[in-house]
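Q: Need coordinates for the below:
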Amino acid sequence: MASIKAHKDGWRAFIFKQGVRKSKVFITKAAATTWARQVEMDIENGMLGKLPNKKFSDLLEKYLESVSVNKLGEKWETIRINNTLKMDIAKVGVSDFNSTHVAEWRDKRLETVSNATVLREWNLLSHVCSIAIIEWKWLSINPFKEVKRPKAPEARWRRISDDEIEHILIALGYDFTQPKTITARIGSAFIFSIESALRAGELCALTWAHVHDRHIHIPKSKNGFKRDVPLSKESRRILDELPKDNELAFNLKGSQIDALFRKAKSMRNIEGLHWHDTRHEALTRLSKKLNVMELAKIAGIRDLRILQNVYYNPNINDLADKF
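A: Modelled structure (predicted):
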């Protein structure tokens, strides 16, 4: 049976079982008890001692090299993991990694970044731990599931007005002729996003081989979904006017969209608008024509709660008209 005693820095858990001797100090008695219970279970199941002599940083690098590289969001995962590698949590050995380390990391991050940022990092690091348990056997538990998550911020309800669309297109030099410059193609992508609800990464990855007469095929999306997206007359027009001298339909990089779209907003004094708001705008407009299941299918959204709470923002008067 584990012994939990008060310590000058909190509570010390001490275990001596089947010849295995372990002790550790925790801030709270509850954390010490949870750790002791898990260690005792590991001893009984013969798991203790089988975890590799690695640090959490090794786990992050392994995930980056073998999992992140296969994702559409590799760029952002790389940034977040490289940032985490500089933190104290990365120095912890995987055999000692527990909820206390996660709680300390959470509290420290919340001092400098928003809840939304911490939650994005949290989801990534929790998935790292899940893969380590299931596939690599580097961990026996996922400490992120034992700690309270930060409160999620309210969902964005940003609509894009027709005036803002016009100002953005003017700033990008888009004039409905064949868009040969990078900025003009970003204008095309901007309108296309509002018509189709495609993510920026999906736009950049779209090839002519996946463009068909009445739809486009998305072979790989952010959440692993592959899907077909129907084309409106406007989105078909946009594709028809694009140059066909490259395998990629829009021939753009995410970094170009990010930098030049920000510049265009600044030129026209438009505040509070993000490129990702085009997806929200598109689904809100499409909701006048499609039901929620059709919207989820087109957008590649598995969880209908996300569609309802984040993207779907119908005008109450439009709903009243349906009655």
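
Q: and the residue nearest the centre of the chain, what is it in contact with?
A: Among the residues of the chain, the one closest to the centroid is residue 120, at 5.7 Å (C-alpha atoms, centre = their mean). Applying C-beta atoms under 8 Å, 6 or more residues apart in numbering to residue 120 gives the contacts residue 80. From N, CA and C alone the C-beta is placed, and that goes for glycine too.

Q: now do residue 92
A: By C-beta under 8 Å, 6+ apart, residue 92 lies in contact with 55, 56, 101.

Q: Phi, psi for it please.
A: phi -80, psi 140 (degrees, to the nearest 10).

Q: quick one: it and residue 199, what's the gap?
A: From residue 92 across to residue 199, the span is 34 Å (C-beta to C-beta, to the nearest Å).

Q: what's the offset of the helix or strand containing residue 256 from the middle of its chain?
A: The secondary structure element spanning residue 256 is helix 254-267 (assigned by DSSP states H and E). Put simply, helix 254-267 sits 21 Å off its chain's centre (C-alpha atoms, centre = their mean, to the nearest Å).

Q: what helices or strands is that helix leaning on?
A: Judged by 3 or more C-beta pairs under 8 Å, 6 or more residues apart in numbering; DSSP states H and E, helix 254-267 is in contact with helix 162-172, helix 182-196, helix 200-205.

Q: Residues touching the longest one, excluding its own?
A: Defining contact as C-beta under 8 Å, 6+ apart, one finds that helix 182-196 is touched by 160, 165, 168-169, 172-175, 179, 198, 200, 203, 216, 229, 231-232, 234-235, 238-239, 241-242, 250-252, 256-257, 260-261, 264, 275, 278-279, 281-282, 285.

Q: are any of those buried, and which?
A: 160, 165, 168-169, 172, 174, 179, 198, 200, 203, 216, 229, 231-232, 235, 238-239, 242, 250-252, 256-257, 260-261, 264, 275, 278-279, 281-282, 285 (16 or more other C-beta atoms under 10 Å).

Q: can you pull the contacts of residue 110?
A: By C-beta under 8 Å, 6+ apart, the contact set of residue 110 is 118, 150.

Q: burial count for residue 17?
A: With neighbours defined by other C-beta atoms under 10 Å, the count for residue 17 comes to 16.

Q: Distance to residue 4 for the helices and strands packed on helix 254-267 - can I get that in TSV?
A: Putting the helices and strands packed on helix 254-267 into TSV (distance: least, C-beta to C-beta, whole Å) gives the following:
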stretch	distance to residue 4
helix 162-172	59
helix 182-196	55
helix 200-205	48
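
Q: Comparing those helices, which comes out most buried?
A: Comparing those on average neighbours per residue, with mean count of other C-beta atoms under 10 Å, the densest one is helix 182-196 at a mean of 23.

Q: Any figure for the gap between residue 151 and residue 98?
A: With distances taken as C-beta to C-beta, residue 151 is found 23 Å from residue 98.

Q: And the strands in the stretch 201-323 of the chain?
A: For the stretch 201-323 of the chain, the strands identified by DSSP state E, counting those that start in this stretch occupy 215-218, 227-230, in order along the chain.

Q: Residues in contact with the first one: which ones?
A: It stands for strand 215-218. Where contact means C-beta under 8 Å, 6+ apart, the residues beyond strand 215-218 that reach it are 196, 198, 202, 206, 210, 225-231, 300.

Q: Tabulate the CA atom coordinates of that strand in CSV.
A: Taking C-alpha atoms only, strand 215-218 is exported to CSV below (Å, rounded to 0.1, in the frame of the first residue of the first chain):
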residue,chain,number,x,y,z
HIS,A,215,-17.3,19.2,-58.3
ILE,A,216,-13.8,19.1,-56.9
HIS,A,217,-12.3,16.2,-55.0
ILE,A,218,-10.4,16.7,-51.7
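
Q: Just the element for residue 24, please.
A: Taking DSSP H and E as the definition, one finds residue 24 inside strand 20-26.

Q: For that strand, output the C-alpha coordinates as PDB.
A: Output for strand 20-26, consisting of C-alpha atoms alone and laid out as PDB, is shown next (Å, rounded to 0.1, in the frame of the first residue of the first chain):
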ATOM      1  CA  VAL A  20      10.200  -1.900  -6.500                       C
ATOM      2  CA  ARG A  21      10.800   1.200  -4.500                       C
ATOM      3  CA  LYS A  22       9.500   4.600  -5.900                       C
ATOM      4  CA  SER A  23       8.800   8.000  -4.300                       C
ATOM      5  CA  LYS A  24       7.800  11.400  -5.700                       C
ATOM      6  CA  VAL A  25       6.700  14.800  -4.400                       C
ATOM      7  CA  PHE A  26       3.500  16.500  -5.600                       C
END
